[in-house]
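In: My questions are about this predicted structure, shown below with the sequence.
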Amino acid sequence: MLLNDIISGNEVDSVYIIAEIGQNHQGCVETAKKMILEAKKAGCHCVKFQKSDLPTKFTRSALDREYISDHAWGKTYGEHKEYLEFSKDQYLQLQAHCKELNVDFTASAMDERSLQFLADLNVPFIKIGSGDANNFPLLKKAANLNLPLVISTGMQTMQTVERIVQTMRESGKEDYALMHCVSSYPTDPEDCSLELISVLRRRFPNVAIGYSGHELGVVISQAAVLLGARIVERHFTLDKNQKGSDHRCSLEPQELKALTTAITNFKLSSVPMYPQEIVQKLNGGEELEAALQHVESKTILPCELPCRNKLGKSIVAARNLNKGYRLQLADMAIKVSEPSGLTAEDYVDLVGKELADNIGEDEPILGSSIIN
Ligand SMILES: CC(=O)N[C@H](C=O)[C@@H](O)[C@H](O)[C@H](O)COP(=O)(O)O
Ligand SMILES: C=C(OP(=O)(O)O)C(=O)O
């Protein structure tokens, strides 16, 4: 099945399933190849990786900070990320492997250079992860490529989602999907806020809606499909007990197989089920009921703050800037910064603002850096 059929609405009763290998390959191409094979055997349509150009995605100080964690692959966060990043040659090997196995191959573009890297590889679609859902310059560049987009919405408010849709509309982009997502690893059932899938479907009836889940188990993702999600993405691992931040909330091969089989056996229609019907159909207990409880609106949840603090993007100086200078777009870059600065979505609003202090290249622009 093609993602395009889902996005264009030609396949309202099918679901496109993405195995997010992400960085669960432990920096090893052979492991990644094995994971691709297992994901294919489990019935997935696509395997996904994460592509970053480290100095473009992170500031120098974010890369140089010590990474003290049981999941660290290096002493600094930069060394850790470098260890997990694949080269172009490795990407080409993985792409060829996917072609042989007839499974789609793509990655999330975590910065502008990675976006171009993936476009040059001619992937079938580009994923924009939650960390970049408010990175409007990246979204605009992505919308101007001739490739479908899948945009996750974790760590964002409804207002930001509205702005994403407006940005796509202004760019004349129609072939894109929005993923409901909560960026907490693992996400507790009561934070899964599945009702937001229905909210997004009603608010944006012409946009395909999917679910990128980080909860434990497979029932909540099945419920997401019964609520109308037509793309499902789950982290995938060969063994949940391995070192690495994402393994615990990932699905092992037999769980992924159980999820794809259950989804394939659903008789789906364009009319989604009610939460109570879903609980009955899936024999769900308290956890499923918690995931389906009423949600007032899409907000940044407290459980998402650790991820937002670690991987949310800030506005930083693209070059050394002097006190008294008035900011132009080219003076600013959007990166993961340590410490963080003004949030990525303030980017355009800062044009013309006067600086209260000197700011060095790669340093964050703060509220206090600006004279109002
Ligand atoms: C928001 C976002 O990018 N989240 C990604 C996708 O879900 C994650 O896979 C992170 O890359 C991962 O959790 C980071 O872990 P560490 O910091 O140990 O490399
Ligand atoms: C961060 C990502 O995904 P999500 O926001 O859907 O978890 C990603 O795909 O890299």
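Out: Received it, and whenever you're ready, just let me know what you need. Ligands and ions are numbered 1, 2, ... in the order given.
In: residues near the closest residue to ligand 1 within the stretch 151-300 of the chain, how many?
Out: At 3.4 Å from ligand 1, residue 245 is the closest residue in the stretch 151-300 of the chain, using Cβ to the nearest ligand atom. (C-beta placed from N, C-alpha, C; glycine too.) Around residue 245 there are 18 other residues, counting by other Cβ atoms under 10 Å.
In: Surely it is in contact with residue 183?
Out: No - when contacts are counted by Cβ atoms under 8 Å, residue 245 is not listed as touching residue 183 (11.9 Å).
In: contacting residues for residue 132?
Out: Each residue near residue 132 by Cβ atoms under 8 Å, 6 or more residues apart in numbering is listed here: 108, 109, 110, 138, 139, 313, 344.
In: Please report how far it lies from residue 8.
Out: 24 Å (Cβ to Cβ, to the nearest Å).
In: just the helices in the stretch 201-350 of the chain please.
Out: Listed in chain order, the helices of the stretch 201-350 of the chain (DSSP state H, counting those that start in this stretch) span 219-226, 253-265, 275-281, 286-291, 305-311.
In: Pull out the buried positions in the shortest one.
Out: Within helix 286-291, the residues that qualify as buried by neighbour count (16 or more other Cβ atoms under 10 Å) are 287, 288, 290, 291.
In: list the contacts for the last one?
Out: What that stands for is residue 291. Residue 291 is in contact with 189, 190, 192, 193, 194, 215, 220, 223, counting by Cβ under 8 Å, 6+ apart.
In: all helices of the stretch 51-200 of the chain, in order?
Out: Secondary structure of the stretch 51-200 of the chain (DSSP H, counting those that start in this stretch): helices at 54-57, 60-64, 77-84, 88-101, 112-121, 136-143, 158-170, 195-203.
In: Nearest to residue 358, out of those helices?
Out: helix 60-64 (16.4 Å; Cβ to Cβ).
In: before we move on, the earlier item: now render the buried residues of helix 286-291 as JSON lines, adding pLDDT and distance to residue 92.
Out: Formatted as JSON lines, the buried residues of helix 286-291 follow (pLDDT from 0 to 100; distance: Cβ to Cβ, whole Å):
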{"residue": "287", "pLDDT": "96", "distance to residue 92": "42"}
{"residue": "288", "pLDDT": "97", "distance to residue 92": "42"}
{"residue": "290", "pLDDT": "97", "distance to residue 92": "44"}
{"residue": "291", "pLDDT": "98", "distance to residue 92": "39"}
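In: Let me know the closest of those residues to ligand 2.
Out: Out of those, the member with the shortest distance to ligand 2 (by Cβ to the nearest ligand atom) is residue 291, at 16.5 Å.
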